[in-house]
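J.: Sequence first, predicted coordinates after that:
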Amino acid sequence: MNSTAGFDARGAAGSAPQAARELPGDFAMWMFIFAELTVFALLFAAYALARASHAAAFAAAQAALDHAAGWGETVLLATSGWCVARARRAIAAARAASCARWLLAALALGIGFALLRAADFDADFARGVALDASLFDMFYLALTFFHFMHVLMGLPILAVVGWRARRGRYSAADHAGVETAGAYWHMVDLLWLVLFFLVYVSH
């Protein structure tokens, strides 16, 4: 996708293509990322305000979470993000086969995260966690499930970009697809790290 299509290089509109060229990947994806980060920021702020008003209840609910699963999910997703960074570095060095392998590794780790999170949800529901059970449960499920949906959206993106890299569709001079997928997946990483700190670690 040509992110600068439809813009004139002259005048006030000319600033948009320049901004787009300074961002790796597709400009439309970055607009989506900024919008999603804004939504999550509002949710995180609402969670923090609610926790400040119900500190004891939130602390008790946090203690009941499966922290081992939370740490495992964090390791899986952070490592997946590292693999995506390696893939982007590989394609920039014209190593398409290496890029594809790193993307496959990122995909496998992302699937591992999704499976572990799904099992965590199942365990939560079994012990009575529900949107209407408590204020903490409402925020916990809303935040983690919303993030989970973003992970599920990102997995086919990694799969398609990895397949295209394996087929030699990208080069050192033309790998916007890898950059775009990487930008999205790093957003998913960042959001989970903040979410994990707020929900599992911070008291």
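T.: Now that the structure is in, tell me what you want to look at. Computed from a predicted model, the values in this text were never measured in an experiment.

J.: how about stretch 96-111: buried residues?
T.: 96, 98-107, 109-111 (16 or more other CB atoms under 10 Å). C-betas here are computed from N, CA, C, even on glycine.

J.: Then stretch 57-74?
T.: Within stretch 57-74, the residues that count as buried by 16+ other CB under 10 Å are F58, A61, Q62, L65, D66, A69, G70, G72, E73, T74.

J.: which residues are in contact with that stretch?
T.: 50-51, 113, 116-117, 119-120, 123, 127, 134-137, 140, 192-193, 196, 199-200, 203 (CB atoms under 8 Å, 6 or more residues apart in numbering).

J.: One more pass at 7 Å, please.
T.: Here stretch 57-74 makes contact (CB atoms under 7 Å, 6 or more residues apart in numbering) with 51, 113, 116-117, 120, 123, 134, 136-137, 192, 196, 199-200, 203.

J.: will you turn those into a markdown table that also has distance to L155 and pLDDT?
T.: Compiled in a markdown table, those are given as follows (distance: CB to CB, whole Å; pLDDT from 0 to 100):
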| residue | distance to L155 | pLDDT |
| --- | --- | --- |
| R51 | 31 | 93 |
| F113 | 9 | 98 |
| L116 | 14 | 97 |
| R117 | 12 | 97 |
| D120 | 17 | 95 |
| A123 | 22 | 94 |
| S134 | 31 | 92 |
| F136 | 28 | 95 |
| D137 | 26 | 94 |
| W192 | 14 | 97 |
| F196 | 19 | 96 |
| V199 | 22 | 94 |
| Y200 | 23 | 93 |
| H203 | 32 | 75 |
